[in-house]
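Novice: here is a sequence with its predicted model. Questions after.
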Amino acid sequence: MEDRLPALRDELHVDLCILNGENLADGVGITPKLADKMLASGVDAITLGNHVWRRGEIVPYLKESERVIRPANLSRRAPGRGLAFVTAADGTEVAVANLIGSLFIGPPVGPFEVIDDLIDEARVRTPVIVVDMHAEATSEKVAMARWLDGKVTAVIGTHTHVQTNDARVQPGGTAAITDAGMTGPHDSVIGVQAELAIRQMRTGMPVRFETASDDVRIEGVLVECDADGRATRCETVRVSVA
């Protein structure tokens, strides 16, 4: 990301870059140092997910950060914020919201319980709103995208590490994709050395996972929108960095 992102932003004419940093620290969680590296490399906002607390040093960082956000539907007593406002290269203010799914993850509060208030708060300042829906179940991500159609600019699914083939602009003008994919080693089992993941699945025994290293790709989604926040384009991005 450090090497390729600046040129990729120019190539794709990107005004704003949002990165899900859930697995930056050797595949699990994020550290302040890595967050700062990504922000310095051209990332404008970082969202997180179910591994947000796996690195203890991120806790005080999230208390202060305005551009690294954790899921909004964690405990209201948890440090950090679930909504950020960042400025795009063309001067447009963009709201970035982060949610975590209920199915198979079980956060303290369901995402549908908080999303309406979150969007109301965002719309006071800007009509351009991007939601990272970090969830296991495709049904929950599709449902959130349908509920928010016409209310936000984009609902981008993350978490499952496999880029889906459903990038689209919905009838109400909201871009959506079930999963933006994985930036990392694709010669793997969703980033883990394949032989280790297979050993655990075949034996049912604990195995210490190690991050794989081959066939590294940057994956994501490119969204274009008008000044009123309505999306006009939603396409997947896949770049080999081998």
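Specialist: That came in fine, so what should we check first?

Novice: run through this structure and note the low-pLDDT ranges.
Specialist: Applying pLDDT under 70 to the chain flags the ranges 242.

Novice: can you map out the strands along it?
Specialist: 18-20, 45-47, 83-87, 93-100, 129-134, 154-158, 168-169, 175-177, 184-185, 216-225, 231-240 (DSSP state E).

Novice: what is the third one packed up against?
Specialist: Meaning strand 83-87. With contacts taken as 3 or more Cβ pairs under 8 Å, 6 or more residues apart in numbering; DSSP states H and E, strand 83-87 sits against strand 93-100, helix 111-123. Quick note: C-beta positions are derived from backbone N, CA and C, even for glycine.

Novice: got those as a markdown table, with mean neighbour count and distance to residue 222 columns?
Specialist: A markdown table is the format used below for these (neighbours: other Cβ atoms under 10 Å; distance: least, Cβ to Cβ, whole Å):
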| stretch | mean neighbour count | distance to residue 222 |
| --- | --- | --- |
| strand 93-100 | 26 | 14 |
| helix 111-123 | 17 | 21 |
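
Novice: could you export the ones you listed as a markdown table, including distance to residue 56?
Specialist: A markdown table is the format used below for the helices and strands packed on strand 83-87 (distance: least, Cβ to Cβ, whole Å):
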| stretch | distance to residue 56 |
| --- | --- |
| strand 93-100 | 19 |
| helix 111-123 | 25 |
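
Novice: of all these, which lies closest to residue 235?
Specialist: Each of the helices and strands packed on strand 83-87 has some distance to residue 235 by Cβ to Cβ; the shortest is strand 93-100, at 18.5 Å.

Novice: coming back round to it: want to throw the strands of the chain into JSON lines with distance to residue 39?
Specialist: What follows is these, written out as JSON lines (distance: least, Cβ to Cβ, whole Å):
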{"stretch": "strand 18-20", "distance to residue 39": "9"}
{"stretch": "strand 45-47", "distance to residue 39": "7"}
{"stretch": "strand 83-87", "distance to residue 39": "10"}
{"stretch": "strand 93-100", "distance to residue 39": "13"}
{"stretch": "strand 129-134", "distance to residue 39": "16"}
{"stretch": "strand 154-158", "distance to residue 39": "18"}
{"stretch": "strand 168-169", "distance to residue 39": "29"}
{"stretch": "strand 175-177", "distance to residue 39": "24"}
{"stretch": "strand 184-185", "distance to residue 39": "19"}
{"stretch": "strand 216-225", "distance to residue 39": "17"}
{"stretch": "strand 231-240", "distance to residue 39": "20"}
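
Novice: kind regards, and thank you for your time.
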